[in-house]
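>>> Return a 3D structure for these sequence lines:
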Amino acid sequence: MPPEPLVLGLVFRDFHPQVAEIKRELVSFLEAQPTVRLAGVLDVNDCDCWEVEPQIVAVVGGDGSILRTCRTMGVHQRPMLGINLGRLGFLADHTPKEFMESFGEIAAGRYKIVDHLMFHCRLIRDGREHLKSLGLNEVSIQAGASLRMLDIELSVDQAPVTTYRCDGLIVGTPIGSTAHSLAAGGPILKQNLQAFVVTPISPHTLSNRPLVDSAECVFEMRVPDVPEGATLVIDGQIREPLLPGDVVEVRKAEVSCRMVRLDSFSYYATLHRKLGWGGQPRFGDQAGL
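Below is the predicted model of the structure:
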């Protein structure tokens with residue numbers, strides 16, 4: 001008997017004319033493949049309403065589309081494959097052409113599923129949970145429109161760590177380590193590590209360096225004096241103004257982001273390509289030695 005076809009769902013973030021053309025191309029390609037069955041073609045905000053349960057969800061857009069899809073799927077995370085229409089694309093790594101060229105490998109099951117750390121963020125106000133969100137990249141407190149430096153108190157597992165005087169503070173996952181945290185001078189963590197990185201944004205004290213700690217820890221941030229305009233930002237997509245007395249808590253989620261990676265995938269090759277790590281010639285090479 002021939003193998004069962006792969007059940008695949010397609011998710012799109014928007015319907016810009018260019019995206020609509022790629023959508024038609026991909027749907028036409030997949031409908032012509034005997035090795036695949038389409039579970040549906042959905043908007044990112046509806047990606048938990050499948051006609052048939054998909055084995056893989058192909059997300060067409062950029063890394064932001066994957067972040068939004070993760071949150072929409074909530075506790076029912078499904079393996080995702082990113083098809084990049086954006087710029088960098090650390091998660092959405094395939095172009096539409098590359099996806100179609102490698103589809104035979106995917107349909108034949110020659111891929112692995114890698115779990116990535118996700119977090120739950122809670123904003124506690126007046127002793128009650130004011131906001132709760134699942135996320136994949138990062139949680140940050142930012143000075144924003146206040147145009148003032150913030151004093152942000154950090155505790156880990158209820159133990160006081162330090163007070164950062166800075167323009168903001170980021171608590172990021174390994175996936176998020178190549179986003180805002182990297183731009184703020186944080187380290188790059190390998191994507192499948194179980195750890196968080198805490199990175200200050202423009203710290204006033206040079207000794208305030210990025211901190212890496214276990215994903216089993218619970219991180220709490222407080223801003224005793226909150227200027228108007230200071231904001232809690234989750235994955236760059238959820239924004240909530242902060243008030244005096246607010247506590248922001250970040251902890252490991254019970255679910256993981258599940259990414260489909262072809263057997264040929266190399267994270268370091270992705271960094272080399274996306275970050276332009278061309279390397280420099282050695283001194284001996286320059287000297288002709």
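>>> can you list the domains in this protein?
The chain breaks down by automatic domain parsing into domains covering 6-109, 118-254.
>>> Could you tell me the least trusted of those?
Among the domains of the chain, domain 6-109 carries the lowest mean pLDDT, a mean of 89.
>>> Closest to the centroid, which residue in the protein?
The C-alpha lying nearest the average C-alpha coordinate of the chain belongs to residue 137 (CA atoms, centre = their mean; 3.8 Å).
>>> That residue: what's it in contact with?
Taking CB atoms under 8 Å, 6 or more residues apart in numbering as the criterion, residue 137 is in contact with 67, 172, 173, 175, 176, 179, 180, 235, 236. All C-beta spots, glycine's among them, are computed from the backbone N, C-alpha and C.
>>> at 6 Å what do you get?
67, 175, 176, 179, 235 (CB atoms under 6 Å, 6 or more residues apart in numbering).
>>> Over to residue 164?
Residue 164 makes contact with 152, 200, 203, 208 under the criterion CB under 6 Å, 6+ apart.
>>> strand partners of the helix or strand where it lies, parallel vs antiparallel please.
Residue 164 is part of strand 159-166 when elements are defined by DSSP states H and E. Paired neighbours of strand 159-166 in the sheet (DSSP bridges): strand 150-156 (antiparallel).
>>> How far does stretch 41-57 stretch from one end to the other?
Length of stretch 41-57, first residue to last, CA to CA, to the nearest Å: 10 Å.
>>> swap in stretch 91-111?
Using CA to CA, the span of stretch 91-111 from its first residue to its last is 15 Å.
>>> now what about whichever helix in the chain runs longest, what contacts it?
With DSSP state H applied, the helix covering the greatest number of residues in the chain is identified as helix 17-31. Defining contact as CB under 6 Å, 6+ apart, one finds that helix 17-31 is touched by 12, 36, 38, 96, 100.
>>> Most neighbours among these, which one?
The member of these that has the most neighbours, counting by other CB atoms under 10 Å, is residue 12 with 23 neighbours.
>>> how close does it sit to residue 102?
Using CB to CB, to the nearest Å, one gets 20 Å for the distance from residue 12 to residue 102.
>>> re earlier: now the element after the longest helix of the chain, going C-ward?
Remark: after helix 17-31, the chain's next helix or strand is strand 36-43, criterion DSSP H and E.
>>> need the helices for the stretch 101-250 of the chain, in chain order.
If you assign secondary structure with DSSP state H, counting those that start in this stretch, the helices in the stretch 101-250 of the chain sit at 103-107, 180-183.
>>> Let's see the longest one as PDB, backbone CA atoms only.
Meaning helix 103-107. Coordinates of the C-alpha atoms in helix 103-107 are reproduced here as PDB (Å, rounded to 0.1, in the frame of the first residue of the first chain):
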ATOM      1  CA  PHE A 103       8.800  19.200  -0.600                       C
ATOM      2  CA  GLY A 104       9.800  15.600  -1.600                       C
ATOM      3  CA  GLU A 105      11.900  15.300   1.600                       C
ATOM      4  CA  ILE A 106       9.200  16.700   3.700                       C
ATOM      5  CA  ALA A 107       6.500  14.400   2.300                       C
END
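>>> packing partners for that helix?
Judged by 3 or more CB pairs under 6 Å, 6 or more residues apart in numbering; DSSP states H and E, helix 103-107 is in contact with no other helix or strand.
>>> how about it: buried residues?
By neighbour count on 16 or more other CB atoms under 10 Å, the buried set for helix 103-107 is 103, 106, 107.
>>> could I get those as JSON lines with distance to residue 8?
Written out in JSON lines, the entries for these read as follows (distance: CB to CB, whole Å):
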{"residue": "103", "distance to residue 8": "9"}
{"residue": "106", "distance to residue 8": "8"}
{"residue": "107", "distance to residue 8": "9"}
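>>> which one of those residues sits closest to residue 192?
Distances from those to residue 192 were compared by CB to CB; the smallest belongs to residue 106, at 20.0 Å.
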